[in-house]
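Peer 1: Pasting the sequence and the predicted coordinates here, then a few questions.
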Amino acid sequence: MSKYAKNQSVGFKNDIEKVAIVGAGGTIGSHISNALLATGRHTVTALSREGSGNKLPEGVRVAFVDYDDEATIVAALKGQQFLIITMAPTAPRDTHSKLVQAAAKAGVPYIMPNGYGADIDNIQLGEDTLLGPIAKANRDEIERLGMQWITVCCGFWYDYSLAGGDARFGFDFDKRTLTIYDDGNTKTSTSTLSQVGRAVAKVLSLNELPEDENDKSLTLSTFLNKGVYLKSFVISQNDMFESVKRVTGTTDADWTISHEESKKRYEGGLAQVKVGNMAGFSKMLYARAFYPDASSNDLSAKAQNELLGLPDESLDESTKVGIDLVKELQLRVERMAA
Ligand SMILES: NC(=O)c1ccc[n+]([C@@H]2O[C@H](COP(=O)([O-])OP(=O)(O)OC[C@H]3O[C@@H](n4cnc5c(N)ncnc54)[C@H](OP(=O)(O)O)[C@@H]3O)[C@@H](O)[C@H]2O)c1
């Protein structure tokens, strides 16, 4: 495809209207779907399994797919301009590939693959957390099949990770305990779920291509085969704790604090994963990101918030959103374990 809109065939519309999404009823997918719908510029079609218990946001169309029947996925993707994959990490490993292969057959040009985490250029972090090589293989497959990708590098989801229990940001709100890695001062990049949703909607609302060689405006094509970088807060556990105390009206005396060396915690989590105990996964992932030398986990220099016109957010309001998520995430763990 030529780089410019002026060279496209008659009838070409220089925008992304038809968006398909996997996981529209999921954690990040629901935020992305709602943000896309809020623009009024997109029709959003959820690819969802028949019998899925996940509730889809209002306004999303649904196309049921059977991952054991490729024809259903190809049919659902026909005519779609962009496929967003927000697939549960617990889904069978080959499900992502099934989607990508079906997208190629359906003629979808662009895919946002699973990811929504660390900087894809931070190879060491990716290898240490085991996620990097999987995500790279997913992106490579997209390219190999003649399509292009845009992946989201947002760091940890702030509200979700705050709410998600001791293995994530160290907070257990039921027991009022906090596990602090090292001295608790290491900062890591985070983005709220709603900021990620807004960022994706902004990118997909850009013109697809520059009109001609003189058009220097930001277009979707600027991001192809690259990460889109964003952040809400680059923050330490100690900063989070101060916010939690303000929001909950508690003091140090209400909390039981323990300290753990991040390296030791990472190694413990990794050892669990290696013997098939996935309870160690989050422990390993989050502890690694809080290594004291983890300045590489700070996305400030690469964040494109300004370019995309993303708003500044209130830390305490986001902390409150996180605390309100605690019960929901607990129910989800039970559902997954059942
Ligand atoms: N940065 C962070 O802090 C962070 C945290 C968590 C996750 N992530 C990443 O974000 C991505 C999405 O995670 P998420 O938490 O949003 O996912 P999720 O809500 O757990 O699940 C998303 C969707 O996956 C589909 N799904 C679930 N089980 C499946 C199965 N067995 N086979 C096929 N489809 C299945 C479901 O869609 P239907 O029911 O509609 O079929 C579900 O709505 C992943 O790449 C993950 O690594 C990042």
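Peer 2: Looks like it arrived, so ask away.
Peer 1: Going by C-alpha atoms from here, please, whenever you check contacts or count neighbours.
Peer 2: OK.
Peer 1: List, one by one, the residues from this protein near the ligand.
Peer 2: Counting by C-alpha under 6 Å from any ligand atom, the chain comes close to the ligand at 23-29, 48-49, 52, 54, 86-89, 91-92, 114-117, 155-157, 161.
Peer 1: ok, 5 Å please
Peer 2: 23, 25-28, 48-49, 52, 86-88, 91, 114-115, 117, 156-157 (C-alpha under 5 Å from any ligand atom).
Peer 1: buried subset of those residues?
Peer 2: Buried subset of the residues of the chain next to the ligand (neighbour count, 16 or more other C-alpha atoms under 10 Å): 23, 25-26, 28, 48-49, 86-87, 114-115, 117, 156-157.
Peer 1: Which members of those are the farthest-apart pair?
Peer 2: 49 and 156 (27.0 Å; C-alpha to C-alpha).
Peer 1: For stretch 302-311, output the C-alpha coordinates as CSV.
Peer 2: Extracted in CSV, the C-alpha atoms of stretch 302-311 (Å, rounded to 0.1, in the frame of the first residue of the first chain):
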residue,chain,number,x,y,z
LYS,A,302,9.4,7.6,25.8
ALA,A,303,5.8,8.3,26.9
GLN,A,304,3.7,9.9,24.1
ASN,A,305,1.1,11.3,26.4
GLU,A,306,1.5,14.9,25.0
LEU,A,307,1.6,13.8,21.4
LEU,A,308,-1.7,11.9,21.9
GLY,A,309,-3.3,14.6,24.0
LEU,A,310,-3.8,12.3,27.0
PRO,A,311,-4.9,14.0,30.2
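Peer 1: And that stretch, what's buried?
Peer 2: So, applying 16+ other C-alpha under 10 Å, buried residues of stretch 302-311: 303-305, 308, 310.
Peer 1: Dump those into TSV; add distance to residue 8, secondary structure and pLDDT as well.
Peer 2: TSV is the format used below for the buried residues of stretch 302-311 (distance: C-alpha to C-alpha, whole Å; DSSP: H, G, I helix; E, B strand; the rest coil; pLDDT from 0 to 100):
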residue	distance to residue 8	secondary structure	pLDDT
303	32	coil	97
304	29	coil	98
305	31	helix	98
308	26	helix	98
310	31	coil	98
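Peer 1: nearest to the ligand, of those?
Peer 2: Using C-alpha to the nearest ligand atom, residue 303 comes nearest to the ligand of the buried residues of stretch 302-311, at 14.8 Å.
Peer 1: Quick check: the nearest residue to residue 323 once chain neighbours are set aside vs residue 242, distance?
Peer 2: Of all residues not flanking residue 323 in the chain, residue 163 sits nearest, at 5.6 Å (C-alpha to C-alpha, 6 or more residues apart in numbering). Between residue 163 and residue 242 the computed distance is 15 Å (C-alpha to C-alpha, to the nearest Å).
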